[in-house]
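J.: here is a sequence with its predicted model. Questions after.
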Amino acid sequence: MTPQQLRELIALNTLVFETLGRPEQEREFNFKAIKRWGLDLIAGRRDGVTTFFTGVADRHQPQDVYEEAGSRYQVDEILTALPKGKKLYAHITMAEGTAFLIGELREGQENIEILRLPAASLLMAYCRKHRLPHVAEAVRSVGTATELVKHRGQEGKPVRFEQLPNVPRRFLREAKKVEKEMGFGRVSLAYFGENKDGDARFRLSWLVPTIALFEIDLAERIDKLLAAFA
């Protein structure tokens, strides 16, 4: 079989399961999410204006004054809860090919931006902090959706769905449940069977909404599913 014939065979027999729609871009989070992202929520002044902002967890104390990204910050209080009446929302925005996580405190029509950080860097630090090794290992690109990829062994003819063993069947079943909850997802799986040592050979790609990975419950479920292909 020529390389071209093999590529065509893989394309024709790769299993694809999609939850159609646009990737979720915004999600409401609770106060604990800020800590999980490795940040403190701070009440203070930025360039002399009273406001809220975030800083690296445990780095600052009340009365600290520091400069960052061209602004001058003064710390009045490290908060232990969201300010009364305000809710926390975060969303992904794209700028020149880079994804940023934007966090806002929202009350009515008022939005106070409290963080703007590169999503990929924050995601990798988040995975290390919360022991999500399989997500961290699988990340290939981060935009509004994150591409998770795993590949093992020599490629060959992918098996049909009804020929899949229990592990990939279970993965596909549970992945579809997670995608339904997130409202978006695309799994493509080419499973090539086992090699002579009994190790699975496969190529897996999974697109998930980036913002969903910053919800710890969903991130842990996705990490657990990817572990099946470790």
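T.: The structure has been received and is ready for your questions.

J.: quick one, helices of this protein?
T.: Under the criterion DSSP state H, the chain contains helices at 3-13, 31-36, 119-129, 133-138, 166-182, 210-213, 216-227.

J.: got the buried residues for the longest one?
T.: Of the residues in helix 166-182, Pro168, Phe171, Leu172, Ala175, Val178, Glu179, Met182 count as buried by neighbour count, 16 or more other C-beta atoms under 10 Å. Glycine gets a C-beta too; all of them are placed from N, C-alpha and C.

J.: would you list the helices of the chain in TSV and tack on mean pLDDT and distance to Gly21?
T.: Converted to TSV, the helices of the chain look like this (pLDDT from 0 to 100; distance: least, C-beta to C-beta, whole Å):
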stretch	mean pLDDT	distance to Gly21
helix 3-13	76	24
helix 31-36	96	23
helix 119-129	96	20
helix 133-138	96	22
helix 166-182	93	10
helix 210-213	95	13
helix 216-227	96	16
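
J.: most tightly surrounded among those helices?
T.: helix 210-213 (a mean of 24; mean count of other C-beta atoms under 10 Å).

J.: neighbouring contacts of that one?
T.: 23-27, 90-92, 99, 101, 119, 123, 126, 135, 142-146, 182, 218-219, 222 (C-beta atoms under 8 Å, 6 or more residues apart in numbering).

J.: cutoff 7 Å now
T.: 24-27, 90-92, 99, 119, 123, 135, 142-146, 182, 218-219 (C-beta atoms under 7 Å, 6 or more residues apart in numbering).
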